[in-house]
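Chemist: After the sequence you'll find the predicted model.
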Amino acid sequence: MTETQAQNFPQDTAAPASAGGAPVPPARADVTGGNPVFTAPAGTRTAAEVVTPELVAQLTAGLTGTGRTANHTPFTGERLAELPESTPEDVAAAFERAREAQRAWAAVPARKRAAVLLRFHDLVLARQDEVLDLIQLETGKARMHAHEEVQAVAMAARHYGRRGPAYLRPKRHTGAVPVLTKVTELRQPRGVVGQIAPWNYPLELSVGDALPAFAAGNAVVMKPDTETALTALWARRRLIEAGLPEQLWQVVIGEGPVVGPAVVEHADYVSFTGSTRTGRTVAQSAAARLIGCSLELGGKNAMLVLDDADLDKAAEGAVRACFSSSGQLCISIERLFVHESVADAFLERFAARTKAMKLGTALAYGADMGSLVSERQLETVSRHVDDAVARGAKVVAGGRARPDVGPLFYEPTILDGVADPMAVCGEETFGPVVSLYRFTDEDEAIERANATAYGLNSSVWTRNGRRGHAVAARLRTGTVNVNEGYAAGYGSVQAPMGGMGDSGLGRRHGSEGILKYTEAQTVAHQRLMPLAPSFGLTDEKYAALMSVSLRAMKAFRLR
């Protein structure tokens, strides 16, 4: 994932349309060729009608910030809202309030804490249109891709709302001496979690990561990206409405280099999602303070299409895997390895589907892909494609910006003939660009897929499930999806999700996703006699007794 950052956009331009419930009209073909453009339904709301002064005042109430900043929509570049901007002193004050609230929250029974998450789950689904509008306006996504965030948050809320108390329940262990030593493992909250959330998934990667922290009895001080702060603040209001104490979730807004280090400086644990470069800095700062951290970082994810794959399903899956959220997804696919025997047939199917994708700015279902989020993202995408073409790669689909749709639009792009030293080969693009490579056997494909410092996600397509699992086990990534691009692994919230290598540390989801926000505490209760010479035993006789006991415990297969 690339750097979280504030962007410079032109202001006072026309606002994008939003959803109004009218029937979705067909896409109109763009007069200049290329991908068609989705036409907004008639009678939809504007950005000004969605982001009202009343809404901004409600969402920012109680935030710590002595300065002022603003965010913008990638669809047009217009300003959305003025927001409070925090200083390092404001961050310190937010941590003080969070610590006071956390002490009371930790004393609340785990089941009552979990019940807040279940109520939040219902509120998100019931009021999803509100947050879908905000996600689209702040990120430029197509509405279906915004809905993926709603799905992911609901899944996390349900999972930790149901399973959280069990993960945190005291656990009995065999003691040093059976019967005489009673051992219980407790899980204590870390205190105040510092969370630095990115711009690309502002709902899921803000509240989705905060939910298990709250369930475990922690407070959270979060720094969202300024450009997508409204989405995170909407989630905070809904969680408060569900019963979370207001002071327990503090939000600080400001420039990453100013506010980010202040969050790490005061936190008892750090949760970070962003670039590998910044993640290293966060890890070093956390290590210097002897606190833990979890980091989801960059990726150069690969998809393998084997010779027995269903090519129609693989082509449809590749569209989702490569171009969801305009490719601005840590676990999206940027490298396609296709068996030589089916490569041309697959590419024909994939290219046809890619060229038919509808681009759009409407806050309504119907567009297949939205905008990039910033000028920096557009520059990176353009540079990677232009460099590849200049060095001999072929553009099979896309390959150009679309300012006729919006200032930051770029067509979904397929490159063939990519090879070193093209930048797109090894650098993370984080945009709607995928390179296709041909291979002749599985060992070659696996070796090339693993030939990267990253290890976040991968995908395997085959009609043979056993073969797919065998290939998956040899791929060096935290998640592998068989006959899916990324959603199956990410959506399986009982299982851990995270990266290997330069893709990060720690995991979200499952037991690891909540236990990382706790400290393990062992309480050992010794009964009847001490673990030392007693009842008149000499040191020698005590040592002999313990030696016999240790042999007996092994013989009885005690663990």
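Modeler: On my side now, so go ahead. Residues are numbered from 1 along each chain as shown.
Chemist: Name the residues linked to Y410 by a beta bridge.
Modeler: For Y410, the beta-bridge partners under DSSP bridges are A401.
Chemist: Tell me how far it lies from P432.
Modeler: 6 Å (CB to CB, to the nearest Å). Where C-beta positions appear, they are placed from N, C-alpha and C, glycine not excepted.
Chemist: cool, A213 as well?
Modeler: Relative to P432, and taking CB to CB, A213 is found at 33 Å.
Chemist: same thing with L118?
Modeler: Between L118 and P432 the distance is 36 Å, computed by CB to CB.
Chemist: Looking at those two, which one has more neighbours?
Modeler: Between L118 and P432, P432 has the larger neighbour count (other CB atoms under 10 Å), namely 29 against 16.
Chemist: pretty sure that one is touching I414, no?
Modeler: No - with contact defined as CB atoms under 8 Å, P432 does not count as touching I414 (9.7 Å).
Chemist: Could you tell me which residues touch both of these two?
Modeler: Contact criterion CB atoms under 8 Å, 6 or more residues apart in numbering; residues shared by P432 and I414: G398.
Chemist: what sits against the closest residue to A532 other than its chain neighbours?
Modeler: In this structure, A532 finds its nearest non-sequential neighbour in Y542, 7.3 Å apart by CB to CB, 6 or more residues apart in numbering. Contacts for Y542 were tallied using CB under 8 Å, 6+ apart; they are A532, P533, S534.
Chemist: Counting neighbours, which of these comes out on top?
Modeler: Compared across the contacts of Y542, P533 has the highest neighbour count, 16 neighbours, by other CB under 10 Å.
Chemist: on that earlier part again, overlap of the contact sets of Y410 and P432?
Modeler: S326, L372, V381, G398.
Chemist: can you count the residues close to the last one?
Modeler: If I follow you right, that is G398. Neighbour count of G398, defined by other CB under 10 Å: 25.
Chemist: picking up where we left off before, any chance of a markdown table for the contacts of Y542, columns pLDDT and distance to F556?
Modeler: As requested, the contacts of Y542 are exported to a markdown table (pLDDT from 0 to 100; distance: CB to CB, whole Å):
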| residue | pLDDT | distance to F556 |
| --- | --- | --- |
| A532 | 94 | 23 |
| P533 | 93 | 24 |
| S534 | 92 | 23 |
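Chemist: quick check, distance from stretch 359-367 to the centre of its chain.
Modeler: 23 Å (CA atoms, centre = their mean, to the nearest Å).
Chemist: CA atoms only for it, dumped as CSV, please.
Modeler: Written as CSV, here are the backbone C-alpha positions of stretch 359-367 (Å, rounded to 0.1, in the frame of the first residue of the first chain):
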residue,chain,number,x,y,z
LEU,A,359,-16.3,4.1,-15.4
GLY,A,360,-18.4,6.4,-13.3
THR,A,361,-18.7,9.1,-10.6
ALA,A,362,-22.3,8.4,-9.5
LEU,A,363,-23.2,7.5,-6.0
ALA,A,364,-25.3,4.7,-7.3
TYR,A,365,-24.9,1.1,-8.3
GLY,A,366,-24.0,0.4,-11.9
ALA,A,367,-20.4,1.7,-12.4
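Chemist: Check the gap between A287 and E348 for me.
Modeler: Distance from A287 to E348, by CB to CB: 50 Å.
Chemist: T429: neighbour count?
Modeler: Count around T429 with other CB under 10 Å applied: 23.
Chemist: For K355, which residues are in contact?
Modeler: Here K355 is in contact with G34, N35, A397, G398 (CB under 8 Å, 6+ apart).
Chemist: Could I get the phi/psi values of R79?
Modeler: phi -70, psi 140 (degrees, to the nearest 10).
Chemist: Who does it form a beta bridge with?
Modeler: Beta bridges link R79 to H72 when assigned by DSSP bridges.
Chemist: Pretty sure F337 sits against N301.
Modeler: No - taking CB under 8 Å as the definition, F337 is not a contact partner of N301, at 11.3 Å.
Chemist: who's more crowded, these two?
Modeler: Using other CB under 10 Å, the more surrounded residue of F337 and N301 is N301, with 30 against 24.
Chemist: roughly how far apart are the more buried one and G217?
Modeler: Note on N301: its distance to G217, by CB to CB, is 35 Å.
Chemist: ok so, going back, can you lay out the contacts of K355 as TSV showing distance to C425 and pLDDT?
Modeler: Formatted as TSV, these follow (distance: CB to CB, whole Å; pLDDT from 0 to 100):
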residue	distance to C425	pLDDT
G34	25	93
N35	25	97
A397	19	98
G398	18	97
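Chemist: Now, those residues that are in strands?
Modeler: A397 (DSSP state E).
Chemist: which one of the contacts of K355 is nearest P245?
Modeler: Nearest to P245 among these is N35, at 47.5 Å by CB to CB.
Chemist: buried set for stretch 176-195?
Modeler: V177, T181, R187, P189, R190, G191, V192, V193, G194, Q195 (16 or more other CB atoms under 10 Å).
Chemist: okay, how far is it across that stretch, tip to tip?
Modeler: Its first and final residues considered, stretch 176-195 spans 39 Å by CA to CA, to the nearest Å.
Chemist: tell me how far that stretch is from the chain's mean position?
Modeler: Taking CA atoms, centre = their mean, the mean C-alpha location of stretch 176-195 is offset from the chain mean by 29 Å.
Chemist: now do stretch 373-386
Modeler: On CA atoms, centre = their mean, the centre of stretch 373-386 falls 21 Å from that of its chain.
Chemist: Identify the residues contacting it?
Modeler: Surrounding stretch 373-386, the residues in contact under the criterion CB under 8 Å, 6+ apart are 2-3, 5, 7-9, 74, 139-140, 199-200, 227, 326, 328, 372, 395, 399, 401, 408, 410, 413, 415, 422-424, 427, 429-433.
Chemist: quick one: the helices in the stretch 201-350 of the chain?
Modeler: Applying DSSP state H, counting those that start in this stretch to the stretch 201-350 of the chain gives helices spanning 207-215, 229-241, 256-266, 276-288, 311-323, 343-355.
Chemist: Serialize the ones you listed to CSV and add fields for distance to I446 and mean pLDDT.
Modeler: Below are those laid out as CSV (distance: least, CB to CB, whole Å; pLDDT from 0 to 100):
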stretch, distance to I446, mean pLDDT
helix 207-215, 31, 98
helix 229-241, 38, 98
helix 256-266, 37, 96
helix 276-288, 23, 96
helix 311-323, 17, 98
helix 343-355, 17, 98
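Chemist: Just name the most buried of those helices.
Modeler: With neighbours taken as mean count of other CB atoms under 10 Å, these reach their highest mean count in helix 207-215, at a mean of 28.
Chemist: Can you spell out which helices and strands pack onto that helix?
Modeler: helix 110-126, helix 143-168, strand 192-196, strand 219-223, helix 229-241, strand 269-273, helix 510-515 (3 or more CB pairs under 8 Å, 6 or more residues apart in numbering; DSSP states H and E).
Chemist: right, so of the ones you listed, which gets closest to A81?
Modeler: Among the helices and strands packed on helix 207-215, if distance is taken as CB to CB, the winner is helix 229-241, at 6.1 Å.
Chemist: CA atoms only for that closest one, dumped as CSV, please.
Modeler: The C-alpha trace of helix 229-241 is given here as CSV (Å, rounded to 0.1, in the frame of the first residue of the first chain):
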residue,chain,number,x,y,z
ALA,A,229,-11.8,11.1,7.9
LEU,A,230,-15.6,11.6,7.5
THR,A,231,-16.1,7.8,6.9
ALA,A,232,-14.2,6.9,10.0
LEU,A,233,-16.0,9.6,12.0
TRP,A,234,-19.4,8.2,10.8
ALA,A,235,-18.4,4.8,12.1
ARG,A,236,-17.4,6.3,15.4
ARG,A,237,-20.8,7.9,15.8
ARG,A,238,-22.6,4.7,15.1
LEU,A,239,-20.5,2.8,17.6
ILE,A,240,-21.2,5.4,20.2
GLU,A,241,-24.9,5.1,19.3
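Chemist: Report the inter-axis angle for it versus helix 207-215.
Modeler: Going by axes from the mean of the first three to the mean of the last three CA atoms, to 10 degrees, helix 229-241 is angled at 30 degrees with respect to helix 207-215.
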